[in-house]
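Asks: I'd like to go over a predicted model; first the sequence, then the structure.
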Amino acid sequence: MKKNIAIVMGGYSSEFDISIQSGNVVYKHLDRELYNPYRIHITKEKWAYVSDDNQQYDIDKNDFSLTINNVKTHFDAAFNIVHGTPGEDGLLQAYFELIEIPQTACDFYQAALTFNKRDCISTLKPYGIPTATNYFLNKGDSINTEEIIKTVGLPCFVKANKAGSSYGVSKVNTENDLIPAIDVAYKEDDEIIIESFLSGTEVSVGVITYKGKDTVLPITEIVSENEFFDYEAKYLGKSEEITPARLSDSDTKKVKDLALKVYQILKMKGFSRSEYIFHNGEPYFIEMNTNPGFSEASILPQQALAAGISIKDLLTNTIEEAINNQKK
């Protein structure tokens, strides 16, 4: 019997439209011989099933069920492809755990931890994971630009702490640019992180659970036309993404080993895509995404294809891993 799969997309953040795109790719490629897919749009106003003719039917949040013409449908699993809150910060994960529906992303604690850039870095540092030098601010804190620059130097990056990696991010080249950049970051979150600039090759590393094994996918090198891998570079074609990355064998091994170590330290499962910059010959951890973009041109699907894994097989594996984990 086919399993009913809710493809959960949308969310409450600036990444809503990107998540809808990702969800539609999952819907397109899901194996119809194994699954009945349902597109579920998540907004603050309501959660709704969206049919092929764009009719909307409310989801009952009490048990995450769908009723059409007095016929009630329950779901065997949820494919969580919500970028940002509530799908990438642990809220949806906790909800699904409470109502005992398997979901494809990592567990709620890991999602909350990795979504909080400051907490994730603080967790990894004792394990010897190299990171940039950081300075933290909360909204309302006094801002001492001289102290910030003394700590992290120039240029530096100002980022919203809990937001997608392309939102609320500015590169700061002069002290005069610092306050405007902080204001931009505060529009996305009331916590920010200011990081020292790391000069070197940037790579993106997908680590997934595949056939029961933690697996590092082929590495992607990021070559941005802009000053850094911002929204335009990531989503509007202003970057070149080269898979596999143009790294030496030794550098490839270094970053693969480090990415796998990070995945296992954090007790991850499902999809992840983490970013690293080679600085002075060593890979430095930047951040981890646990629900990375999933358009057909996105990095993780590219990496899977380079590893010989079709999008359909990748999705099937992810759903079955989630269902099997729920049974344990």
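Replies: Ah, there it is.
Asks: residues near L305, how many?
Replies: 16 (other CB atoms under 10 Å). Any C-beta I mention is one placed from the backbone N, CA and C, and that applies to glycine too.
Asks: what helix or strand does it sit in?
Replies: Element membership for L305, per DSSP states H and E: helix 299-306.
Asks: tell me the centre residue of this protein?
Replies: Nearest residue to the geometric centre of the chain (CA atoms, centre = their mean): N289, 2.7 Å.
Asks: wait, isn't that residue in contact with G270?
Replies: No. With contacts counted by CB atoms under 8 Å, N289 stays clear of G270, the gap being 11.5 Å.
Asks: which neighbours do those two share?
Replies: Common neighbours of N289 and G270, counting by CB atoms under 8 Å, 6 or more residues apart in numbering, are absent.
Asks: just to revisit the earlier point, what mean pLDDT does the helix holding L305 have?
Replies: Here helix 299-306 scores 95 as its mean pLDDT.
Asks: residues contacting it, please?
Replies: By CB under 8 Å, 6+ apart, helix 299-306 touches 25, 204, 206, 208, 217-220, 241, 243-244, 271, 273, 292-295, 310-311, 314.
Asks: try it again at 10 Å.
Replies: Helix 299-306 is touched from outside by 22, 25, 29, 204-208, 210, 215-220, 222, 234, 241-244, 271-273, 275, 289, 291-296, 309-311, 313-315, 317, with contacts defined as CB atoms under 10 Å, 6 or more residues apart in numbering.
Asks: buried residues in it, which are they?
Replies: 299-305 (16 or more other CB atoms under 10 Å).
Asks: quick one: which of those is nearest K44?
Replies: L300 (27.1 Å; CB to CB).
Asks: give me the low-pLDDT residue ranges for this structure?
Replies: For the chain, the stretches with pLDDT under 70 are 164-166, 225-238, 328.
Asks: swap in 50 and give it another go.
Replies: 229-236 (pLDDT under 50).
Asks: any idea how it splits into domains?
Replies: Domain assignment for the chain by automatic domain parsing gives 3-104, 113-129+199-327, 134-196.
Asks: for the stretch 1-150 of the chain, which segments count as helices?
Replies: Along the stretch 1-150 of the chain, counting by DSSP state H, counting those that start in this stretch, helices occupy 16-29, 91-98, 108-115, 117-124, 145-152.
Asks: so for K139, which of the ones you listed sits nearest?
Replies: Shortest separation from K139 across these is recorded for helix 117-124, at 13.8 Å, computed as CB to CB.
Asks: hang on, the earlier thing: so which of the contacts of helix 299-306 sit within strands?
Replies: 204-208, 210, 215-216, 220, 222, 241-242, 273, 275, 289 (DSSP state E).
Asks: can you put the buried residues of helix 299-306 in a markdown table and add distance to D107?
Replies: Below are these laid out as a markdown table (distance: CB to CB, whole Å):
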| residue | distance to D107 |
| --- | --- |
| I299 | 23 |
| L300 | 19 |
| P301 | 23 |
| Q302 | 26 |
| Q303 | 23 |
| A304 | 22 |
| L305 | 27 |
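Asks: pick the one among those closest to T73.
Replies: P301 (28.3 Å).
Asks: okay, how far is it across stretch 147-159, tip to tip?
Replies: In stretch 147-159, first residue to last residue: 17 Å (CA to CA, to the nearest Å).
Asks: stretch 182-193 too?
Replies: Its start and end residues considered, stretch 182-193 measures 9 Å (CA to CA).
Asks: buried residues, that stretch. List them.
Replies: Residues 182, 184-186, 188-189, 191-193 are the ones in stretch 182-193 that count as buried (16+ other CB under 10 Å).
Asks: next one: stretch 17-30
Replies: Within stretch 17-30, the residues scored as buried using 16+ other CB under 10 Å are 18-27, 29-30.
Asks: G23: what's it in contact with?
Replies: Applying CB under 10 Å, 6+ apart, the residues near G23 are 7-10, 37, 39-42, 50, 79-83, 294.
Asks: if you rank these by neighbours, which is first?
Replies: V8 (31 neighbours).
Asks: residues contacting it?
Replies: V8 makes contacts with 19, 23, 26, 38-42, 47, 59, 64, 75, 78-82, 86-87, 92, 96, 103-105, 291, as judged by CB under 10 Å, 6+ apart.
Asks: and for A132?
Replies: A132 is in contact with 121, 152, 156-157, 193-198, 277, 279, 284-286, counting by CB under 10 Å, 6+ apart.
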